[in-house]
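> next comes the sequence, and after it the predicted model I'd like to discuss.
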Amino acid sequence: MAEYWIGDSEGRVLGPVSLDVVQDLVNTGRLTQITRASRDGQSWGPPNLYPEVMTLLLNAPAPEALLQSERQEAARVREQLRAMQGRPPHEIFRLERNASVDAYRNAFFKLVKRFYPDRVRAQAHADLRKAYADAFQFLSRLMVHIERELDAGGPIRPLPTIRAVPPPPPLDEDEPLTPTALTPLMKTRPMVVVPRSATPPSRPVPGGPSHQGRYSYQPHEFVGFERRDDRVEVTVRVTARNSGMFTEHPLANLKQGGVFLACGKSLPLGTLVDVVFRFDNERREVRSRGRVIVENSGGDPSKPHGFGVRFITLVEQDRSFMQQFVERAAAQS
Amino acid sequence: MPEGSILIVDDDAFVRTLLRDMLSPRGYALAEAENGRAALALAGPPPNLVLLDLLMPQMSGMEALGQIRDRWPSARVLVITSMDSERLLEEAMEAGAAGYITKPFHPMEIASAVEKALAA
């Protein structure tokens, strides 16, 4: 079988793989930035030196065709969701009626990732975004329900009626995404956020105390997804009152080299973000590039809405300034 | 490396940190590498398990997979990838992977997959 190596704009390499794999990845939008190719992994050239690879790239679905196919996919997902809602849990996960919780979890992970919200490209049809979000939420709640029922000794009773969760708002209401054009790599879209405190409102943990500290299977608990087709610029005004953005989130905080922007908007995991911090009182501006590592667009009401960024570029002088700012803010309060 | 040793190979430092945070409390001995070449350059006894990304700079996961299987025949390899193409995963299994986990992954899923792979 013919073997190919392909490289992307970030210097990463995939191969050896068959042309079928390349075709699959191109057609599903998982591989959009092929900058070089090779037949032996040693000598590389631009994709146009490999007519078979170029043919795949040129035949990749057009934006209009993608939108059409996404609308059809959304209808299929909604149909699947309706079918799942009417079936007992063990049938949804294709398990025996008396399957263990581990068997349910394994089956759940396999199934739910098909509907992971960030699998939908940034410019995807809104119907598809909603269909994915609804299916993901349904399965997540069902899994929590199954764990509770099995904890209580089973059997698993039907899941109470679930209210569909609305999809997250668009990234920037002032600049809606253009549905007919793909965003070029590294396109920057401005976004201004005024972070609130990252401390989540205190409310009872669903399921009562026995479920404290458990996973809830919300989208933000799934990690490691990569999206590299988007970049967003975020401008943040920093004051002593909202300096908790650097300290309050357990994963995205200054000590870990990050920040959590608790705001009404969220960004998909992996999004490249250029953050501009404006310390107005200090007359200082700090710029850093980072990647979204956690997000909550409302799926988990016990945690703050917003997104956490891990810095990729942050000079030590700026980091030190921000650390001192945080300490001064803490002393003032 | 002692029994239960795991080598994490991923070019994304965040993913490596995340996997380390998930797995180190479970008592595994962990090592990290940022690509296939760096993984194969590691000295010392073979790991029991390799968690291997497929798309990486310098040496891809597929290339590394073949060489890892040659160099450390006893090591099991779990592929971790965000490119969940069935064809790609089939080819990874044909190349010697013991299994795969697609990104995004859940901490509980990683723990379970690692436990199973080490027990096999």
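Received the coordinates, thanks.

> contacts, neighbours, all on C-alpha from now
OK.

> what helix or strand is residue 112 located in?
Just going to use chain A. Residue A:112 is part of helix A:101-112 when elements are defined by DSSP states H and E.

> wait, chain B
Here residue B:112 sits within helix B:107-119, counting by DSSP H and E.

> can you tell me who residue B:9 pairs with across the strands?
residue B:33, residue B:52 (DSSP bridges).

> residues contacting it?
Listed by CA atoms under 8 Å, 6 or more residues apart in numbering or on different chains, the contact partners of residue B:9 are B:16, B:32, B:33, B:34, B:35, B:36, B:39, B:50, B:51, B:52, B:53.

> beta partners of the residue of the stretch 1-150 of chain A found nearest chain B?
With CA to the nearest CA as the measure, the residue in the stretch 1-150 of chain A that lies nearest chain B is residue A:12; the distance is 3.9 Å. In this structure, residue A:12 has beta-bridge partners residue B:57, where bridges are defined by DSSP bridges.

> if I look at residue A:139, how far off is residue A:84?
Using CA to CA, to the nearest Å, one gets 9 Å for the distance from residue A:139 to residue A:84.

> repeat that for residue A:140.
13 Å.

> chain A contacts on chain B?
Counting by CA under 8 Å from any CA of the partner chain, the residues of chain B close to chain A are B:15, B:54-63, B:82-83, B:85, B:87-88, B:91, B:103-107, B:109.

> would residue A:286 count as being in a strand?
Yes - the assignment for residue A:286, made by DSSP: H, G, I helix; E, B strand; the rest coil, places it in a strand.

> quick one: secondary structure of the residue lying closest to it once chain neighbours are set aside?
Closest residue in space to residue A:286, ignoring its immediate chain neighbours: residue A:277 at 5.1 Å, by CA to CA, 6 or more residues apart in numbering or on different chains. Using three-state DSSP, the structure places residue A:277 in strand.

> immediately after the helix or strand of chain A with the lowest mean pLDDT, which helix or strand?
Lowest on mean pLDDT, DSSP states H and E among the helices and strands of chain A sits strand A:188-193, with a mean of 52. Following the chain from strand A:188-193 toward its C-terminal end, the next helix or strand by DSSP H and E is strand A:231-237.

> and residue 37, what does it touch?
By default, I'm working from chain A. A:4, A:5, A:6, A:7, A:44, A:45, A:46, A:47, A:50 are the contacts of residue A:37 under CA under 8 Å, 6+ apart.

> switch to chain B, that's the one I care about
Contacts of residue B:37 by CA under 8 Å, 6+ apart are B:58, B:59, B:64.

> one more: residue A:291?
A:269, A:270, A:271, A:272, A:273, A:309, A:310, A:311, A:312.

> shouldn't it be within a strand?
Yes - checked against three-state DSSP, residue A:291 lies within a strand.

> now for residue 107: which residues touch it?
I'll assume chain A. Contacts of residue A:107 were listed using CA under 8 Å, 6+ apart, and they are A:93, A:94.

> right idea, wrong chain: chain B
Taking CA under 8 Å, 6+ apart, we find residue B:107 in contact with A:221, A:222, B:22.

> isn't the first one up against residue B:109?
No - with contact defined as CA atoms under 8 Å, residue A:221 does not reach residue B:109; the gap is 11.0 Å.

> follow-up on the earlier one: neighbour count: residue A:139 and residue A:84, which is higher?
Under the neighbour definition other CA atoms under 10 Å in any protein chain shown, residue A:139 and residue A:84 were set side by side, and residue A:139 has more, 24 against 17.

> just to revisit the earlier point, okay, now the residue of the stretch 1-150 of chain A closest to chain B: neighbour count?
Counted with other CA under 10 Å, the neighbours of residue A:12 add up to 18.

> ok, longest helix in chain A?
Scanning chain A for the longest helix, with DSSP state H as the assignment, gives helix A:126-151.

> next, the angle helix A:101-112 makes with that helix.
With axes from the mean of the first three to the mean of the last three CA atoms, to 10 degrees as the basis, helix A:126-151 and helix A:101-112 are set at 180 degrees to each other.

> which strands or helices does helix A:126-151 pack on?
The helices and strands touching helix A:126-151, judged by 3 or more CA pairs under 8 Å, 6 or more residues apart in numbering or on different chains; DSSP states H and E, are helix A:63-85, helix A:101-112.

> need those helices in CSV with mean pLDDT, can you?
Shown next, in CSV, are those (pLDDT from 0 to 100):
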stretch, mean pLDDT
helix A:63-85, 92
helix A:101-112, 94
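
> who's in contact with the residue in chain B sticking out farthest from the centre?
Taking CA atoms, centre = their mean, the residue of chain B most remote from its mean C-alpha position is residue B:87, at 19.1 Å. Residues in contact with residue B:87 (CA under 8 Å, 6+ apart) are A:20, A:21, A:24.

> got the contact list for the first one?
Residues touching residue A:20, when contacts are defined by CA under 8 Å, 6+ apart, comprise residue B:87.

> recalculate using a threshold of 7 Å.
When contacts are counted by CA atoms under 7 Å, 6 or more residues apart in numbering or on different chains, residue A:20 is found next to no other residue.

> next one: residue A:216
When contacts are counted by CA under 7 Å, 6+ apart, residue A:216 is found next to residue A:144.

> point out where the chain drops to low pLDDT.
No chain in the question, so chain A it is. By pLDDT under 70, the low-scoring segments of chain A are A:1-2, A:122, A:161-215, A:220, A:225-231.

> you answered for a different chain; I wanted chain B.
In the predicted model, chain B carries pLDDT under 70 at residues B:1-3.

> 90 instead, please
Flagging of chain B using pLDDT under 90 yields the residue ranges B:1-3, B:11-22, B:24-26, B:43-44, B:58, B:82-86, B:103-108, B:120.

> in it, which residue is most central in space?
Centre of chain B computed as the mean C-alpha position; nearest residue by CA atoms, centre = their mean is residue B:51, 1.1 Å away.

> so what's it up against?
For residue B:51, the contact set (CA under 7 Å, 6+ apart) comprises B:7, B:8, B:9, B:77, B:78, B:79, B:80.

> count the residues that sit near the last one.
Think residue B:80. The tally of other residues near residue B:80 (other CA under 10 Å) stands at 27.

> just to be sure, it is in a strand?
Yes - read with three-state DSSP, residue B:80 is one of the residues of a strand.
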